[in-house]
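[1] Predicted model and sequence below, questions to follow.
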Amino acid sequence: MTAQRKFVSVAAELPGAKTKALLERRQQTVSKGVGNNHPLFVERAQGALLYDVDGNVFLDFVGAIGTINVGHSPAEVVDAIKAQAEKYIHTCFHVGMYEPYVALAEKLAEITPGDFAKKTVLLNSGAEAVENAVKIARKYTGRTGIVSFTRGFHGRTLLGMSLTSKVKPYKYQMGPYAPAIYKAPFPYPYQRPASMTEEEYGDFCLKQFEDFLLTEVAPEELAAVIMEPVQGEGGFIVPPKSFVQGVFQICKKHGILFIADEIQTGFGRTGEMFASTLFEIEPDLITLSKSIAAGLPISAVVGKAEIMDAPNPGEIGGTYGGSPLGCASALAVIEMMQREDLPGKSRVIGETIRNHFHKLQDEFKIIGDIRGLGAMCAVEFVDPANGKPVKEFVAALLQACYRKGVVLLGAGVHSNIVRFLTPLVITEEQLQEGLDIISEAMAELSAVSAGAGKAD
């Protein structure tokens, strides 16, 4: 029997009438290539709650794919946006400069890893940050080659696709791709051979990377290595610290720039302001976006000053890059994160999520792995009989949770992983209610599966 809910409130029939009408309008006017995980139209959102057009209330465990670390519509951020909009909305920094751009660049230099002089370029999206980081690396080094990693995700632009590993839905029939892109193997600790210790596996993966530089591309041809410190779309894969540090040292040895793609890991998600801190590295360049501005489209490349100054005037930037509204929002976001210690809150959220699923492992053998750093957590589901991915179960679980009032998102190249991207302002009660709903949905799906097995 479904328990009484304090926060979630959903009708028996989903989607509701207003949502159905909007879905019909969407079908007539919006490209089908724009994907949607759930038939959900939001009317308003606050903190960790989504209110749809039919009056249903959902717990948001996706956070706009990691964009809303400070929660939906925090008052101080909304006030900052309003105040900026009343002054001017946009002038184009190339035409009429404005102080918020400079102030945000100063703040990012202060809070990002690295004890050296830094400079910043502000842009519009994560993919655009990645594109410009590569441009800057090539300009500075005079080299062309770029290494990314298997299961990595870096965007949907031509270069972003080229750097990204997952073929469907991101790359299929979209080629040819950008040249001089090389993909190296990335660790997957859950799948390490049983005969290897964690330390041995880290050494093995680093040796693979060293061999890669002998068999695939010479170090002298490489401008940069780009790495997500924790892979996002790839399944929230946390690599061994020794691997990340080893790759970083190899880059230093050969004059290869190390680009940390912190678009999803940044701004408190992993329990530190930036995941690079946890791996004790100081990247040459860092790409930022998502939770930088509570949902406004803005991104950044932050890096060593001499590297960032390699491009000549006009070679990087863009008409909307560093929107004044985005800058004002980002400054308010950073102040809120520091004041409320949201990275610390992230660690508590992550521990709660992981403990919850560890307690369920004996009951649900389908839970293969529970992992993550801070609140960047994931649960991987596999067939307990053979260890194979169970994509269908995860798809059913996501839909069952939606119908019970929790919005969830999958991940991984096999789509058999549930990832957690709750706003970091979620309350303990809200988090626990959402986790209980997920457990309830898992129990119901398992019961149905067991019944079908008996029927067979």
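    Okay, I see it.

[2] helices or strands up against the worst-scoring helix or strand of the chain on mean pLDDT?
    Ranked by mean pLDDT, DSSP states H and E, the weakest helix or strand in the chain is helix 428-455, scoring a mean of 84. Using 3 or more Cβ pairs under 8 Å, 6 or more residues apart in numbering; DSSP states H and E, the elements in contact with helix 428-455 are strand 57-60, helix 342-360, helix 391-404, strand 406-407. Bear in mind the C-beta positions are built from the backbone N, C-alpha and C, glycine included.

[3] elements contacting the helix or strand hosting residue 331?
    Per DSSP states H and E, residue 331 falls inside helix 324-339. Judged by 3+ Cβ pairs under 8 Å, 6+ apart, helix 324-339 is in contact with helix 75-87, helix 99-111.

[4] Just tell me which of these ends up closest to residue 22.
    helix 75-87 (24.6 Å; Cβ to Cβ).

[5] For that closest one, the averaged confidence score.
    Mean per-residue pLDDT for helix 75-87: 98.

[6] mind listing what's buried in it?
    77, 80-81, 84 (16 or more other Cβ atoms under 10 Å).

[7] Now flag whichever of these is closest to residue 227.
    Nearest to residue 227 among these, with distances taken as Cβ to Cβ, is residue 77, at 29.9 Å.

[8] quick one: low-confidence ranges for the protein?
    For the chain, the stretches with pLDDT under 70 are 1-3, 449-456.

[9] Mind putting the helices and strands packed on helix 428-455 into TSV with mean neighbour count?
    Below are the helices and strands packed on helix 428-455 laid out as TSV (neighbours: other Cβ atoms under 10 Å):
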stretch	mean neighbour count
strand 57-60	23
helix 342-360	18
helix 391-404	18
strand 406-407	22
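
[10] now those as TSV including distance to residue 245?
    As requested, these are arranged in TSV below (distance: least, Cβ to Cβ, whole Å):
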stretch	distance to residue 245
strand 57-60	35
helix 342-360	21
helix 391-404	33
strand 406-407	36
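
[11] Identify whichever of those lies nearest to residue 23.
    Across these, residue 23 has its closest neighbour in helix 391-404 (14.2 Å, Cβ to Cβ).

[12] which other residues reach the closest one?
    The contact list for helix 391-404 (Cβ atoms under 8 Å, 6 or more residues apart in numbering) reads 2, 8, 10, 14, 37-38, 40, 58, 366, 381, 407-410, 414-418, 437-438, 440-442, 444-445, 449.

[13] Now for the residue lying closest to residue 18 once chain neighbours are set aside: which residues touch it?
    Distance criterion Cβ to Cβ, 6 or more residues apart in numbering; nearest residue to residue 18, sequence neighbours excluded, is residue 53 at 4.3 Å. Neighbour list for residue 53: 16, 18-19, 22, 41-43 [criterion: Cβ under 8 Å, 6+ apart].

[14] Need those residues in a markdown table (columns: neighbour count, secondary structure and distance to residue 261).
    Listed next are those as a markdown table, based on neighbours: other Cβ atoms under 10 Å; DSSP: H, G, I helix; E, B strand; the rest coil; distance: Cβ to Cβ, whole Å:
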| residue | neighbour count | secondary structure | distance to residue 261 |
| --- | --- | --- | --- |
| 16 | 18 | coil | 38 |
| 18 | 14 | helix | 38 |
| 19 | 19 | helix | 35 |
| 22 | 18 | helix | 34 |
| 41 | 20 | coil | 31 |
| 42 | 13 | strand | 28 |
| 43 | 12 | strand | 33 |
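
[15] Now tabulate those residues in JSON lines and tack on distance to residue 232.
    Output for the contacts of residue 53, formatted as JSON lines (distance: Cβ to Cβ, whole Å):
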{"residue": "16", "distance to residue 232": "31"}
{"residue": "18", "distance to residue 232": "32"}
{"residue": "19", "distance to residue 232": "28"}
{"residue": "22", "distance to residue 232": "29"}
{"residue": "41", "distance to residue 232": "25"}
{"residue": "42", "distance to residue 232": "22"}
{"residue": "43", "distance to residue 232": "28"}
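
[16] Which pair of those residues spans the longest distance?
    16 and 42 (12.8 Å).

[17] Next one: residue 302 relative to residue 169, how far apart?
    30 Å (Cβ to Cβ, to the nearest Å).

[18] which one of the two has more residues nearby?
    residue 302 (27 against 10; other Cβ atoms under 10 Å).

[19] Which parts of the stretch 1-150 of the chain are helices?
    Applying DSSP state H, counting those that start in this stretch to the stretch 1-150 of the chain gives helices spanning 17-29, 63-66, 75-87, 99-111, 126-141.

[20] and the longest one, what other elements does it pack with?
    It refers to helix 126-141. By 3+ Cβ pairs under 8 Å, 6+ apart, helix 126-141 packs against strand 118-123, strand 145-149, helix 158-163, strand 222-227, strand 257-261, strand 285-288, strand 299-304, helix 305-308.

[21] How about the contacts made by residue 60?
    45, 48-50, 68, 72, 407, 422-423 are the contacts of residue 60 under Cβ under 8 Å, 6+ apart.

[22] Check residue 157 too.
    127-128, 130-131.

[23] farthest-separated two in these?
    128 and 130 (7.3 Å).

[24] between the two, which one's more packed in?
    Ranked by neighbour count (other Cβ under 10 Å), residue 128 and residue 130 place residue 130 first, with 29 against 24.

[25] Let me have the helices and strands packed on helix 324-339 in a markdown table, adding distance to residue 395 as columns.
    Below are the helices and strands packed on helix 324-339 laid out as a markdown table (distance: least, Cβ to Cβ, whole Å):
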| stretch | distance to residue 395 |
| --- | --- |
| helix 75-87 | 34 |
| helix 99-111 | 38 |
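
[26] What lies in contact with stretch 13-20?
    Outside stretch 13-20, the residues that reach it (Cβ under 8 Å, 6+ apart) are 23, 39-41, 52-56, 402-403.

[27] swap in stretch 197-216?
    Residues contacting stretch 197-216 (Cβ under 8 Å, 6+ apart): 147, 182, 184-187, 189, 192-193, 196, 219, 239-243, 246-247, 250, 254.
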